[in-house]
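Q: Just the structure for this:
(one chain, ligands or ions: 1)
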Amino acid sequence: MQIHTSGTEMRQQLQAWRLQGERIALVPTMGNLHAGHLQLVQRAKASAERVVVSIFVNPLQFEPGSDYAEYPRTLQADQQQLQQRGVDLLFVPTVEALYPNGLAGLAQLTKVVVPELSDILCGEFRPGHFVGVTTVVCKLLNWVQPDVAVFGQKDYQQLLLIRKMVADLNLPVHILSEPIVREADGLAMSSRNQYLSAEQRPVAAQIYAELSRLVAQLPADWMNQAAHLQQARHHLQQAGFQLDYCELREAQTLQPLTASCRQGIVLIAARLGRTRLIDNQIVVI
Ligand code: AMP
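A: Numbers count the residues shown, from 1 in each chain. Reported below is the predicted structural model:
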């Protein structure tokens, strides 16, 4: 597995592969890899001859006061896992490689903004977060110019934003997505789960329990959806969560459901102590 910290150097290798007629798949990550990330890698391997994984803890998507400094960085272990899975190239840019004027220059940086969709749900509680995400993903797509890029449905709003950015800017890449990989008790795998204390860890699985209950109840008792959502919010608060949102939305737009909609999605974002957890499940009506 090749490892590149410079985009220019990486491009020479990518160009050689392209000249051989090989397609390239990109899996963008922030590292601290778990089975959720590795599932994306597997999909990438099945979708192209060459797989590039990027690891970059993107300062632009951490809102002030959040966990940028303490975000787990485990490059050696990540490298080993990717090598074992036959990844061809690991791109680990420095902050300066992606943001030439460094952190001090971020305010002046040209950014990619997907309006409206960036401002609702997680966007409301993490101002600036999605602009950071779309900007860095656009930059990574430009560096690698992959044929396909693979993202997880765990970050469902992020996935929709990236699809919209790619469509709106005519970026020549095909976006693929993979389902949420969970722990045995249903907790969605996340690098942030390790912030949870031993007491908090079993409580965290309540998010999945509430999601599953809602997804089972809603189609059968559609008229009472507001009451079911309210009950889920109440249960989570009782369990000790500080709730950002627990909402039922239209799955393609994340707008409130209309009468004709057949595919909804329940999305939850909640804080347990200092740990922010997100999860979602599709509900078919
Ligand atoms: P991150 O490293 O958290 O930025 O995530 C990198 C990619 O992995 C994103 O596309 C995430 O949606 C995806 N991902 C993270 N956790 C999971 C999971 N539990 N299941 C599936 N995909 C995931």
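
Q: The lowest-mean-pLDDT helix or strand in the chain: how far from the chain's middle?
A: Lowest on mean pLDDT, DSSP states H and E among the helices and strands of the chain sits helix 95-98, with a mean of 92. Here helix 95-98 is found 21 Å from its chain centre; the criterion is CA atoms, centre = their mean, to the nearest Å.

Q: try stretch 72-81
A: 18 Å.

Q: Okay, and the beta partners of the residue of the stretch 101-250 of the chain found nearest the ligand?
A: Proximity of the stretch 101-250 of the chain to the ligand (CB to the nearest ligand atom) peaks at residue 152, 2.2 Å away. The C-beta positions use only the backbone N, C-alpha and C, and glycine is treated the same way. Beta bridges link residue 152 to residue 178, judged by DSSP bridges.

Q: okay, now it: neighbour count?
A: With neighbours defined by other CB atoms under 10 Å, the count for residue 152 comes to 23.

Q: What of residue 100?
A: Residues near residue 100, counting by other CB under 10 Å, number 9.

Q: hmm, back to that, tell me which residues of the least confident helix or strand of the chain come out buried.
A: Across helix 95-98, burial judged by 16 or more other CB atoms under 10 Å covers 97-98.

Q: One more: stretch 2-14?
A: Those would be 4, 7, 10, 14, for stretch 2-14 by 16+ other CB under 10 Å.

Q: ok, now stretch 273-282?
A: Result for stretch 273-282 [16+ other CB under 10 Å]: buried residues 275-281.

Q: now do stretch 59-77
A: 59-62, 67, 71.

Q: Would you mind listing what in the stretch 1-150 of the chain touches the ligand?
A: Listed as neighbours of the ligand in the stretch 1-150 of the chain under the rule CB under 6 Å from any ligand atom: 29-30, 36-37, 39-40.

Q: and stretch 111-121, C-alpha only, in CSV?
A: The C-alpha coordinates for stretch 111-121 follow below in CSV (Å, rounded to 0.1, in the frame of the first residue of the first chain):
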residue,chain,number,x,y,z
LYS,A,111,-16.0,27.0,0.4
VAL,A,112,-18.7,24.8,-1.1
VAL,A,113,-22.1,25.5,0.4
VAL,A,114,-25.2,23.4,-0.2
PRO,A,115,-28.0,25.7,0.8
GLU,A,116,-31.0,24.7,3.0
LEU,A,117,-30.0,21.0,3.5
SER,A,118,-26.9,22.2,5.4
ASP,A,119,-29.0,24.3,7.8
ILE,A,120,-31.5,21.7,9.1
LEU,A,121,-31.2,18.9,11.6
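
Q: so how far is that stretch from its chain's centroid?
A: Worked out by CA atoms, centre = their mean, stretch 111-121 lies 15 Å from the chain centre.

Q: Give me the contacts around that stretch.
A: Here stretch 111-121 makes contact (CB atoms under 8 Å, 6 or more residues apart in numbering) with 60, 123, 130-131, 134-135, 138, 157, 160-161, 164-165, 168-169, 245, 247, 249, 253-254, 267, 269.

Q: I'd like the mean pLDDT over that stretch, please.
A: Per-residue pLDDT over stretch 111-121 has a mean of 98.

Q: what's the neighbour count on residue 256?
A: For residue 256, using other CB under 10 Å, the count is 11.

Q: Could you report the pLDDT at it?
A: You'll see residue 256 listed with a pLDDT of 93.

Q: Then residue 102?
A: 87.

Q: all strands for the stretch 151-285 of the chain, in order.
A: 174-178, 242-250, 263-272, 275-284 (DSSP state E, counting those that start in this stretch).

Q: Each with direction, which strands does the third one pair with?
A: Just to be clear, that refers to strand 263-272. Here, using DSSP bridges, strand 263-272 pairs with strand 242-250 (antiparallel), strand 275-284 (antiparallel).

Q: Low-confidence ranges, the stretch 101-250 of the chain, go.
A: Residue ranges of the stretch 101-250 of the chain with pLDDT under 70: none are present.
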